[in-house]
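Asks: After the sequence you'll find the predicted model.
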Amino acid sequence: MAKITIIGDMLCSPRMTEIANGDYGALFAKANKLKNCDYLIGNLETPIAGESLKYTYERYRFNTPTAFLDAIKDCGFDMLTLANNHCMDRGEEGLFNTIQTCKEKGFEVIGAYESAEERQKIFIKEIDGIKIAFLNYTYGTNAFAHGTFLENSYMVNLIQPEETKKGSIHLLNEYAQIREDVERIYSGENDEYLAVKPYLEQLERDIMLAREQSDFVIMLLHCGGQYIQEVDPYSIFITEKIRQFGADMVIGNHQHIIQSCDLTDGYLKVFCLGNFMYDHRVVCDGYYFDSPSYNAVLHLDLTKDETGKVEAEKSFSIYTTAFGDNGLPMAMDSADVFRIKNETYIKNQILSCANLFAGKQCYKEVEERYKL
């Protein structure tokens with residue numbers, strides 16, 4: 001059996017870097033149970049670009065000290081996905097530095113590459129005799145905000161042209177506008193579709209190669225409208241494309257909140273797990289955050305039968321953000337929070353998140369697991 005755990009976005013604010021003072025260990029000190037798997041995956045949504053390129057000094061343009069990676073490694077993470085909208089916050093130099101540093105620290109990384117040759121290879125991880133292909137793509141690189149576009153297209157896996165370019169869909173638009181853009185661009189052989197077509201062809205090629213070389217294909221996707229529980233029309237469209245191209249499941253991030261899952265005909269679409277690590281503190285009540293930011297942690301148990309078919313047993317945990325006396329946020333299983341602080345509103349928030357993520361049918365399962 002291959003036991004895989006996948007968590008959401010890991011970000012690091014200027015306040016977190018200031019308070020950590022070079023030691024980020026407290027961020028993950030309460031998340032040791034994540035090590036209880038064969039392979040732990042997270043999305044690194046900040047460059048580790050080096051001090052010379054300046055650490056984060058703007059709220060939404062990141063660069064974090066290498067010590068952040070040390071804390072992630074100590075927590076047990078094996079793979080980091082790098083294709084996300086913040087990967088170019090320090091340009092191609094910063095992205096190259098991030099790739100190099102992650103590798104030096106012992107992480108396997110996907111979604112961003114040092115060369116065109118490296119980009120052509122499909123990442124395959126064999127666990128307990130099961131070959132699992134992992135792919136990582138992003139909708140964009142925040143080029144619309146910082147104005148830095150990729151000069152070497154191989155460096156980041158994109159599902160569409162970078163923002164503001166012909167054929168791209170801007171996911172900060174209203175959903176009605178996004179729906180209109182999807183219908184217009186993908187309606188036929190128009191100029192916009194011809195601009196996006198090479199990206200779809202690359203996506204299809206990668207999934208087909210992954211299908212040929214592995215037993216199971218997992219797409220780790222960075223896409224979606226932010227802070228809105230309703231799944232946006234483009235994410236619905238592109239996850240269905242990914243299914244048609246041959247992936248076995250798609251696990252999404254970027255929206256920074258838990259969104260619903262869809263399981264149709266055995267194909268799992270997780271649109272967003274939520275933020276695993278970020279500073280959303282407004283007030284602090286002693287040790288625990290009174291209005292915590294919740295996120296889902298996905299657990300996959302993969303088994304292969306005699307015919308070579310892989311079955312995936314799926315479960316999840318609900319994690320949250322707690323705060324220590326020094327003000328640093330800590331990722332923590334919400335069941336542990338509830339055991340320490342046995343209050344009805346925490347129980348209700350956990351059940352609400354479980355309902356949002358996987359539906360009311362999970363109430364009983366969650367109640368039993370969390371001993372609520």
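Replies: Thanks, I have it. All values reported here derive from a predicted model rather than from experimental measurement.
Asks: What segments of this structure are strands?
Replies: 2-10, 39-44, 79-81, 108-110, 123-127, 130-138, 216-222, 249-253, 261-264, 267-270, 275-277, 295-304, 310-323, 329-333 (DSSP state E).
Asks: Reformat those strands into CSV and put mean neighbour count next to each item.
Replies: The way it works is simple: take the backbone N, C-alpha and C, and place the C-beta from them, glycine included. Listed next are the strands of the chain as CSV, based on neighbours: other Cβ atoms under 10 Å:
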stretch, mean neighbour count
strand 2-10, 24
strand 39-44, 25
strand 79-81, 26
strand 108-110, 20
strand 123-127, 16
strand 130-138, 24
strand 216-222, 27
strand 249-253, 26
strand 261-264, 15
strand 267-270, 22
strand 275-277, 28
strand 295-304, 20
strand 310-323, 20
strand 329-333, 22
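Asks: Could you dump the ones you listed into JSON lines and include mean pLDDT?
Replies: Formatted as JSON lines, these follow (pLDDT from 0 to 100):
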{"stretch": "strand 2-10", "mean pLDDT": "96"}
{"stretch": "strand 39-44", "mean pLDDT": "98"}
{"stretch": "strand 79-81", "mean pLDDT": "98"}
{"stretch": "strand 108-110", "mean pLDDT": "98"}
{"stretch": "strand 123-127", "mean pLDDT": "98"}
{"stretch": "strand 130-138", "mean pLDDT": "98"}
{"stretch": "strand 216-222", "mean pLDDT": "98"}
{"stretch": "strand 249-253", "mean pLDDT": "97"}
{"stretch": "strand 261-264", "mean pLDDT": "88"}
{"stretch": "strand 267-270", "mean pLDDT": "93"}
{"stretch": "strand 275-277", "mean pLDDT": "88"}
{"stretch": "strand 295-304", "mean pLDDT": "95"}
{"stretch": "strand 310-323", "mean pLDDT": "89"}
{"stretch": "strand 329-333", "mean pLDDT": "89"}
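Asks: With respect to Leu209, which of those strands lies nearest?
Replies: Among the strands of the chain, the nearest to Leu209 by Cβ to Cβ is strand 130-138 (8.2 Å).
Asks: rewinding a little: adding distance to Glu92 as columns, could you present the strands of the chain in JSON lines?
Replies: Formatted as JSON lines, those follow (distance: least, Cβ to Cβ, whole Å):
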{"stretch": "strand 2-10", "distance to Glu92": "22"}
{"stretch": "strand 39-44", "distance to Glu92": "17"}
{"stretch": "strand 79-81", "distance to Glu92": "18"}
{"stretch": "strand 108-110", "distance to Glu92": "16"}
{"stretch": "strand 123-127", "distance to Glu92": "21"}
{"stretch": "strand 130-138", "distance to Glu92": "15"}
{"stretch": "strand 216-222", "distance to Glu92": "18"}
{"stretch": "strand 249-253", "distance to Glu92": "22"}
{"stretch": "strand 261-264", "distance to Glu92": "35"}
{"stretch": "strand 267-270", "distance to Glu92": "30"}
{"stretch": "strand 275-277", "distance to Glu92": "25"}
{"stretch": "strand 295-304", "distance to Glu92": "30"}
{"stretch": "strand 310-323", "distance to Glu92": "32"}
{"stretch": "strand 329-333", "distance to Glu92": "30"}
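Asks: In space, what's closest to Lys314 - neighbours in sequence excluded?
Replies: Leu300 (6.1 Å; Cβ to Cβ, 6 or more residues apart in numbering).
Asks: okay but that neighbour is in contact with Ile6, surely?
Replies: Yes. Counting by Cβ atoms under 8 Å, Leu300 touches Ile6, with 7.3 Å between them.
Asks: just to revisit the earlier point, do you know which of the strands of the chain lies nearest Leu351?
Replies: Nearest of those to Leu351, taken as Cβ to Cβ: strand 310-323 at 9.0 Å.
Asks: other SSEs contacting the closest one?
Replies: In terms of contacts (3 or more Cβ pairs under 8 Å, 6 or more residues apart in numbering; DSSP states H and E), strand 310-323 is packed against strand 275-277, strand 295-304, strand 329-333, helix 334-340, helix 344-358.
Asks: Out of these, which is closest to Ser13?
Replies: strand 329-333 (9.0 Å).
Asks: Could you tell me the angle between the closest one and strand 2-10?
Replies: Orientation of strand 329-333 against strand 2-10 (axes from the mean of the first three to the mean of the last three Cα atoms, to 10 degrees) gives an angle of 150 degrees.
Asks: Could you save the helices and strands packed on strand 310-323 as JSON lines and add columns showing distance to Ala83?
Replies: Below are those laid out as JSON lines (distance: least, Cβ to Cβ, whole Å):
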{"stretch": "strand 275-277", "distance to Ala83": "17"}
{"stretch": "strand 295-304", "distance to Ala83": "18"}
{"stretch": "strand 329-333", "distance to Ala83": "22"}
{"stretch": "helix 334-340", "distance to Ala83": "29"}
{"stretch": "helix 344-358", "distance to Ala83": "23"}
